[in-house]
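> Would you be able to build a 3D model of this:
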Amino acid sequence: MQFTMAEIDDFIHDVLDKEELIYHYDEKKRSFRLQMGMSGGKINGLTTVIYLVPAANDHDICMKIHGVSTIGIGADESCMSQVGEYLHRANFGLLMGNFELDYNDGEVRFSLCYSTEDTFPGYELIRDLVHLPTAMFRRYGDGLLSVILGISTPEKAIMKIEGDGIGVFDADDDSDDDSDDDSAGDADDDSADDSADDADDDSDDDSDR
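Numbers count the residues shown, from 1 in each chain. Take a look at the predicted model:
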């Protein structure tokens with residue numbers, strides 16, 4: 001079953017209005033532009049644009065809904081490869097959407113795309129187009145900045161988010177990264193050895209960890 005551009009267009013309007021979101025609608029481009037604020041990190045907000053993609057042979061039929069979110073911060077030539085690695089590491093394992101890097105101008109964005117060829121989009125799908133990019137930049141945005149500024153390597157930045165959960169990217173803190181990592185590693189090794197020597201009963205708990 002196929003759905004018209006007008007049907008999908010009206011539905012997106014309805015969802016955004018019910019969510020009480022402020023947006024700009026471009027009728028010619030069939031696009032919705034939203035400015036979303038963020039808190040809890042060093043990135044203050046992002047811009048999300050939702051596009052309707054028509055069928056190649058019939059521009060009245062909607063084939064896809066594409067959402068693109070940017071934060072107005074990108075990579076320059078000096079850190080392009082490091083940012084690319086960071087985003088690639090961040091993308092690994094993501095079930096919905098992905099980060100993208102434009103190697104021409106360094107723009108970083110989060111992209112979501114859904115097919116409407118056979119299925120009419122649900123309310124939650126439209127909400128995901130708006131709110132999921134905000135959640136992803138909230139989680140990975142500070143790490144991205146740390147790589148752009150040369151404060152952290154891509155691997156360490158991802159580890160702070162997905163590994164030990166620290167997620168703090170201050171220059172003063174990261175200047176001692178090597179010593180902190182070494183001491184943390186030594187402490188973990190010592191505690192593991194002590195617990196193994198002290199009681200065999202703890203071996204099940206160690207293996208769970």
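> Now do the helix ranked longest in the chain, average pLDDT.
The longest helix of the chain (DSSP state H) is helix 123-148. For helix 123-148, the mean per-residue pLDDT is 95.
> lowest confidence element among the helices and strands of the protein?
Scoring the helices and strands of the chain by mean pLDDT, DSSP states H and E places helix 171-174 at the bottom, with a mean of 42.
> And for N57, the neighbour number?
For N57, the neighbour count with other Cβ atoms under 10 Å is 6. C-betas here are computed from N, CA, C, even on glycine.
> you'd agree it is in a helix?
No: read with DSSP: H, G, I helix; E, B strand; the rest coil, N57 is coil and lies in no helix.
> which residues sit in contact with the most centrally placed residue in the chain?
With distances taken as Cα atoms, centre = their mean, M136 lies nearest the centre of the chain, 3.0 Å away. Residues counted as contacts of M136 (Cβ atoms under 8 Å, 6 or more residues apart in numbering) are G97, F99, F110.
> And E155, by the same measure?
When contacts are counted by Cβ under 8 Å, 6+ apart, E155 touches E85, R89.
> quick one, phi psi at it?
Backbone torsions of E155, given as degrees, to the nearest 10, read phi -60, psi -50.
> hang on, the earlier thing: buried ones in the longest helix of the chain?
By neighbour count on 16 or more other Cβ atoms under 10 Å, the buried set for helix 123-148 is 125-126, 128-130, 132-134, 136-137, 140-148.
> Poorly predicted segments of the protein, please.
164-209 (pLDDT under 70).
> what ranges do the strands span in it?
Ranges of strands within the chain are 3-4, 23-26, 31-37, 45-54, 61-74, 98-101, 107-115, based on DSSP state E.
> Not including adjacent chain positions, what is the nearest residue to A90?
Spatial nearest neighbour of A90, chain neighbours left out: Y140 (5.0 Å); criterion: Cβ to Cβ, 6 or more residues apart in numbering.
> That neighbour contacts R89, doesn't it?
No: when contacts are counted by Cβ atoms under 8 Å, Y140 is not listed as touching R89 (9.5 Å).
> follow-up on the earlier one: will you turn the contacts of M136 into TSV that also has distance to K64?
As requested, those are exported to TSV (distance: Cβ to Cβ, whole Å):
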residue	distance to K64
G97	14
F99	19
F110	16
